[in-house]
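**Student:** Can you look at this prediction? I've put the sequence above it.
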Amino acid sequence: MAEEPTPSYVAGEIPRGAVTAALIGELQAAVGKRYVLSTPDELLSYEYDATIDRARPQAVVLPETAEQVAAAVRAARRFDVPVVPRGAGTGISGGALAAVGGVVVALTRMRRIIEVDAENRIAVVEPGVVNLDLSKAVAKHGLYYAPDPSSQRACTIGGNVAENAGGPHTLAVGSTTNHVLGLELVLADGEIVWVGGRTRDLPGYDLAGGFVGSEGTLGIATKISVRLMRLPESTRTLLAIFNRLDDASNAVSAIIAAGIVPSALEMMDKMIIHAVEQALHCGYPLDAEAVLLIEVEGLEESTAEQAGDIDRICCESGAREVRLAVEQADRDLLWAGRKSSLSALGRYFPNFYVLDGVVPRTRLVEVLRASNAVAEKYGLAVANVFHAGDGNLHPNLLFDERVPGTTAKVLQAGAEIMRLCVDAGGSITGEHGVGLEKRDFMAWLFDDADMAAMARLKRAFGADERFNPCKAFPAHRGCGEVTAARIQRAAAQSGDENVYV
Amino acid sequence: MSDPAIASRIDGFAAAVSHLQLPVVDSGAFVVDGLKPATVVCPKSLSQLQECLSEAHNQRLYVTTIGGGAHLHLGNVPDAFDVGVCTPGLDRIIDHEPADMTVTVEAGVQLADLQSALGEHGQFLPLDPPGDDRATVGGILAANVSGPLRHRYGTARDWLIGTRVVHADGTTSKSGGRVVKNVSGYDLHKLYVGSLGTLAVIAEVTFKLAPLPKVDRTVGVACPSPAAAQSIISAAHERGLAVVAAELLSPPAANAVCDRGAWTALLRVAGGAAAAARTMDEIGDYAALAEGELTDEPAAWERWRGAFGPAPLSLRASVAPSHAAALAETLDRRFAGDAGRITATSTAGLVRMNLSPADDVRASAIIDHAREIATQRGGFVVVDAAPLAVKKQIDVFGPPRSDIEIMRRLKQQFDPERRLSPGRFMGRI
């Protein structure tokens, strides 16, 4: 049989070396003996993230400095072994899994906030800093770090950089890429280099912009300088309740079309409403089909005016009730349902599979309907809780992995829903990344020439296939087949507090 | 163009693209740093653009892309320039769905035309670079120019969500997409922004858009000192007031922009009616505290764009925002005799200075001195425009940083034969 040609988007060969005792020894010399894990028990918690897939590395190193990261990378390179960077492992695309084995470099010990320059609204942090911890640390200066993935209590800034993470409040202020100014990187050859810095005006190619969202395939960020934002003077939160899903979707479009860009615009459907109401009793009517959670931030006068406009638009769009909260405690109550929605679902279904697709805002109504129809076709329950304002859908397919054949059906339904998003002019991921899970859907969005251009960036970073191989681009010869493991074992565990959307 | 080998390759190129029947353009209007291209072609579609690049590549000719010609002064002196590819023929607005707040356009669309089309739907692209109305969307991206609105809205990279480019060999690729939130594939479009056309030719782009504010009003506060003028800007920034642009103008700049002879804070107040009203009230209070004189300045931004287009010597200094006002003051003091005018987007740490030095020697001295001053404050200076003889002596971007090797490899990957504006970029890439 003729050998399959290597596609143009693959930059180099997948490392084929083995993790030997000698390599373990070098890694121990690099980071200290107790920070190299290599027994099956120790490795267990590094074989999964928050997706369905699993893949076990042969070793995990926990460095504390950029120099240690570089030493570990160099050692792995000498032994021709892949390197897989990892943050908190809360990713929902399989990005942190060692797809073809190798050494996982876990950045969770690098959790120092190195500098806060409040006057210039900049912080420099290590990659293992937990997202919410940064906002807490700078709150005393009246500042916060804007990207707020729903896993922000657990996920790390380094992981956010890898995935270009978003969150409910990215509607008005953008995703991680809009807030990262510069990065200290360890490259594939172990070199430590800064790209970008502390201002957007640095001349030269925007390498930091190219790195953010590269899913751990270009290098390992060891320091990150980020923009901080001023905490708003006033915040108003509205909860609009609808009897029809279409009305809620139309209200989303109407708000945007009216020239209002709320700081968050979230939707929850009936399945979520029921789960949340039974778990929390937060006052959602059980006969409602959808609720919108809308937040505006800014000057007192501005939020008052916008909240008034949003109230009116929701009512005109068919909302049966709009609740408004101004005080923090009241706003927290409105958000409580949103924030606990997935753990509430876990009470009723042993497993759920979180999808992440994007459609133009004007296509929300039809894609939501079609997506629900796909779930129905496969006999799966689906719950939608998502960032409606930017068209970022998160259908959650609910299932019980113990029922034979169910996981396969879930994956098939997930693929069909992703296809709906692409056909509507959207994307296969808005904030979770392509990772392992959706690498084969990339060809729906990008042709070989597009991906070949992307591979040029990888070569420019000198990264070839050493960093996080087989991720973010279609699987190719040598990537093996992790999917077998997916079918056998569904890992999205019920009530896992580290699973959020 | 006396080299007969090049002349024959130019002829070969002209013959190869003649069937496209592209309009004849006077190449004298496309001189970059004294280099006049042998020929200029103006394709009208993506496929024509591809063919032009492909044929130039076949003939081993050096290509510089030109939008409206508004940014030809930027960058180092190119090593070679055989063929100009001008893009204003690519002027279609491909798709604008107001309810999605996105727009997809061909790169040759002029910003002014795009803004008026978007304005009909109450939207705009919040970019307002200095210079004239010739600027095209593709040129603005390639040059990564921004204006006073970056105080509130950031720079081009924050609004760009997808591109299609044509590579040096005429092939095409895309990155990003047409939805506002998308993390599939590498964000190559970020790398094309500010690349001065040295990686690829931007052909189509998709932007996120912003709603036009209901109230949009500009005031100037002429103050007794730069610190006083800056105090108003800082207070508005700290308070989170409804200010979308805030420039600190030196007295000569204020004179050119709003007929004031003092350090002036120029503030654009925009938003809802109530928020704008309160913002105006507070600015009035801070102006009084600063002993400043507040006036309405409805025409100031138009004049600002004129005053800060390319000058005989245009410098752009960048420091931490907390140092911007002091840097502006120092530069003003040192270079007042060189007809220097300064405008600082102080909240971004950006200080622009336009000067008319007496001669090239003085121009060189100013550049060196300004770099020294900025470096002392932890910043740097990019030379946006300078006399040709001076440009030839320097790297306008200043000394490369440690990531220059990645940049060189990136150029090598995207344009291995260095056909696209060779030598024009940082480190003479």
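**Tutor:** Perfect, thanks for sending it.
**Student:** where are the low-confidence patches of the chain?
**Tutor:** The chain I'm using is chain A. Confidence mapping of chain A against pLDDT under 70 gives the ranges A:1-5, A:481-501.
**Student:** ah, no, chain B please
**Tutor:** Scanning chain B residue by residue, the ranges that satisfy pLDDT under 70 are B:1-2.
**Student:** And the helices in it?
**Tutor:** Taking DSSP state H to define them, one finds helices in chain B at B:4-17, B:46-58, B:111-119, B:137-143, B:150-153, B:188-192, B:226-239, B:251-258, B:273-289, B:300-307, B:321-335, B:360-376, B:388-391, B:404-414.
**Student:** again, but for the stretch 151-300 of chain A
**Tutor:** Using DSSP state H, counting those that start in this stretch, the helices assigned to the stretch 151-300 of chain A run over residues A:157-163, A:170-173, A:207-211, A:245-257, A:270-280, A:300-316.
**Student:** Single out the most deeply packed of the ones you listed.
**Tutor:** Of all the helices of the stretch 151-300 of chain A, helix A:157-163 has the most neighbours on average by mean count of other Cβ atoms under 10 Å in any protein chain shown, namely a mean of 31. Where you see a C-beta, it was placed from the backbone N, CA and C, and this is true even at glycine.
**Student:** distance of the closest residue to B:Ala275 other than its chain neighbours from A:Glu316?
**Tutor:** Once flanking residues are discounted, B:Ala275 sits nearest to A:Ser302: 3.9 Å by Cβ to Cβ, 6 or more residues apart in numbering or on different chains. Relative to A:Glu316, A:Ser302 is positioned 21 Å away (Cβ to Cβ, to the nearest Å).
**Student:** Nearest residue to the middle of the chain?
**Tutor:** Chain wasn't specified; assuming chain A. To find the centre residue of chain A, average its C-alpha atoms and take the closest one (Cα atoms, centre = their mean): that gives A:His432, at 3.0 Å.
**Student:** Chain B is the one I meant
**Tutor:** B:Val145 (1.7 Å).
**Student:** dump the residue contacts of it.
**Tutor:** Contact analysis of B:Val145 by Cβ atoms under 8 Å, 6 or more residues apart in numbering or on different chains lists B:His71, B:Leu127, B:Pro129, B:Pro130, B:Gly131, B:Ala135, B:Ala156.
**Student:** Out of those, which is nearest to chain A?
**Tutor:** Among the contacts of B:Val145, B:Ala156 lies closest to chain A (Cβ to the nearest Cβ), at 9.7 Å.
**Student:** I'd say that closest one and B:Ile140 touch.
**Tutor:** Yes. Taking contacts as Cβ atoms under 8 Å, B:Ala156 lies within contact range of B:Ile140: 6.4 Å.
**Student:** Tell me who's in contact with the nearest residue to A:Glu316 once chain neighbours are set aside.
**Tutor:** The spatial neighbour of A:Glu316 that comes closest, neighbours along the chain excluded (Cβ to Cβ, 6+ apart), is A:Ala254 at 7.3 Å. Neighbour list for A:Ala254: A:Ile313, A:Glu316, A:Ser317 [criterion: Cβ under 8 Å, 6+ apart].
**Student:** Same list, the residues you listed, but as TSV with distance to B:Ala336 please.
**Tutor:** Putting the contacts of A:Ala254 into TSV (distance: Cβ to Cβ, whole Å) gives the following:
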residue	distance to B:Ala336
A:Ile313	54
A:Glu316	59
A:Ser317	59
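**Student:** Residues contacting the one helix or strand A:Val104 maps to, please?
**Tutor:** Assigned by DSSP states H and E, A:Val104 belongs to strand A:103-106. Taking contacts as Cβ under 8 Å, 6+ apart, the residues outside strand A:103-106 that touch it are A:19, A:23, A:27, A:46, A:57-63, A:69, A:72-73, A:76, A:81-87, A:96, A:98, A:220.
**Student:** what's the most buried one of the helices of chain B?
**Tutor:** For the helices of chain B, ranked by mean neighbour count under the definition mean count of other Cβ under 10 Å, the leader is helix B:137-143 at a mean of 28.
**Student:** Am I right that B:Pro224 is in contact with B:Glu291?
**Tutor:** Yes. A contact is recorded between B:Pro224 and B:Glu291 when judged using Cβ under 8 Å, the distance being 5.6 Å.
**Student:** Are the following helix or strand past the strand holding A:Val104 and chain B in contact anywhere?
**Tutor:** Stepping forward along the backbone from strand A:103-106, the first helix or strand reached (DSSP H and E) is strand A:113-117. Yes. Interface with chain B: strand A:113-117 contributes A:Asp117 (Cβ under 8 Å from any Cβ of the partner chain).
**Student:** Of the helices of the stretch 151-300 of chain A, which is nearest A:Gly391?
**Tutor:** Among these, helix A:245-257 comes nearest to A:Gly391, with 8.6 Å by Cβ to Cβ.
**Student:** Please pick the buried ones from the contacts of strand A:103-106.
**Tutor:** The neighbour count (16 or more other Cβ atoms under 10 Å in any protein chain shown) marks A:19, A:23, A:27, A:46, A:57-63, A:69, A:72-73, A:76, A:81-87, A:96, A:98, A:220 as buried among the contacts of strand A:103-106.
**Student:** Dump stretch B:153-167 to CSV, restricted to CA.
**Tutor:** What follows is stretch B:153-167 as a C-alpha-only set of coordinates in CSV (Å, rounded to 0.1, in the frame of the first residue of the first chain):
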residue,chain,number,x,y,z
TYR,B,153,-12.1,51.2,21.3
GLY,B,154,-8.5,49.8,21.0
THR,B,155,-6.8,49.2,17.8
ALA,B,156,-7.6,47.5,14.5
ARG,B,157,-6.7,44.0,15.8
ASP,B,158,-9.5,44.3,18.3
TRP,B,159,-12.1,44.7,15.5
LEU,B,160,-10.8,42.4,12.8
ILE,B,161,-12.3,38.9,13.0
GLY,B,162,-11.2,37.4,9.7
THR,B,163,-9.2,37.9,6.5
ARG,B,164,-8.5,36.4,3.1
VAL,B,165,-5.1,37.2,1.8
VAL,B,166,-3.1,36.5,-1.4
HIS,B,167,0.3,35.1,-0.8
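**Student:** Tell me which stretches of the stretch 401-501 of chain A form helices.
**Tutor:** Across the stretch 401-501 of chain A, reading from the start of the chain, the helices by DSSP H, counting those that start in this stretch fall at A:406-423, A:442-445, A:448-460, A:483-488.
**Student:** burial measure for B:Asp91, as a count.
**Tutor:** 17 (other Cβ atoms under 10 Å in any protein chain shown).
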